[in-house]
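Peer 1: what follows is a protein structure lacking sequence information:
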Ligand SMILES: [Zn+2]
């Protein structure tokens, strides 16, 4: 499976060369031209200088002295370097992932024993403060009284009376009118 990118200079030159040296009499219509383009993209002539560019994916002709190039143009070379760097960065990030910092509770609370305990009293108080907040007697009495009135959970349900807001708005408007008349 080849990934095709924007064709590089070498790949374009190769395609131009093939088309220019192609027998024109074989190209009768659009279909023939499309077939030729498809063949240029997919077929590799058995020639050691004809290669597939490792970046853009198109076939090209390596005219370098030692025939060692792997990409068809300078842009493709830069592209493949960028790709490699990106992959290296991703690998590094995966391998050198920072371990999660342990919470104070994980360090100081021995929870796995039958009778769990804290190693540090200060941390214990700091932790328990969040879950069992101490209250003085007045607050406790207030909460208890509210529970007796509204039930436990301390949720006061809003009672919706039909037309209540309309009546209020009407009353407000009436008061405004009266004030306006009085003050002139
Ligand atoms: Zn290329």
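Peer 2: Everything's here; your move. Nothing here was measured: the structure is a model prediction, and the numbers come from that model.
Peer 1: mind showing which ranges of this structure have poor pLDDT?
Peer 2: Applying pLDDT under 70 to the chain picks out residues 153-158, 184.
Peer 1: got the residues of it near the ion?
Peer 2: 8, 53, 55, 56, 72, 76 (C-beta under 5 Å from the ion). All C-beta atoms are positioned from the backbone trio N, CA, C, and that covers glycine.
Peer 1: could you find the closest non-adjacent residue to the second one?
Peer 2: Computed as C-beta to C-beta, 6 or more residues apart in numbering, the closest residue to residue 53 that is not its neighbour in sequence is residue 72, at 4.0 Å.
Peer 1: the third one too?
Peer 2: If you skip the residues right next to it in sequence, residue 55 has residue 76 as its closest partner in space, 3.8 Å away by C-beta to C-beta, 6+ apart.
Peer 1: which stretch of helix or strand covers the residue nearest to the spatial centre of the chain?
Peer 2: Nearest to the mean C-alpha position of the chain, by C-alpha atoms, centre = their mean, lies residue 90 at 15.2 Å. When elements are assigned from DSSP states H and E, residue 90 belongs to helix 74-95.
Peer 1: with residue 124 instead?
Peer 2: Judged by DSSP H and E, residue 124 forms part of helix 121-131.
Peer 1: what do you get for residue 18?
Peer 2: helix 9-20.
Peer 1: follow-up on the earlier one: my guess is the residue nearest to residue 53 contacts residue 15, does it?
Peer 2: No: in this structure, residue 72 is not within contact of residue 15 by C-beta atoms under 8 Å, at 10.7 Å.
Peer 1: between these two, which is the more surrounded one?
Peer 2: For residue 72 versus residue 15, neighbours defined as other C-beta atoms under 10 Å are more numerous around residue 72 (28 against 18).
Peer 1: what about residue 85, distance to the ion?
Peer 2: According to C-beta to the ion, to the nearest Å, residue 85 and the ion sit 18 Å apart.
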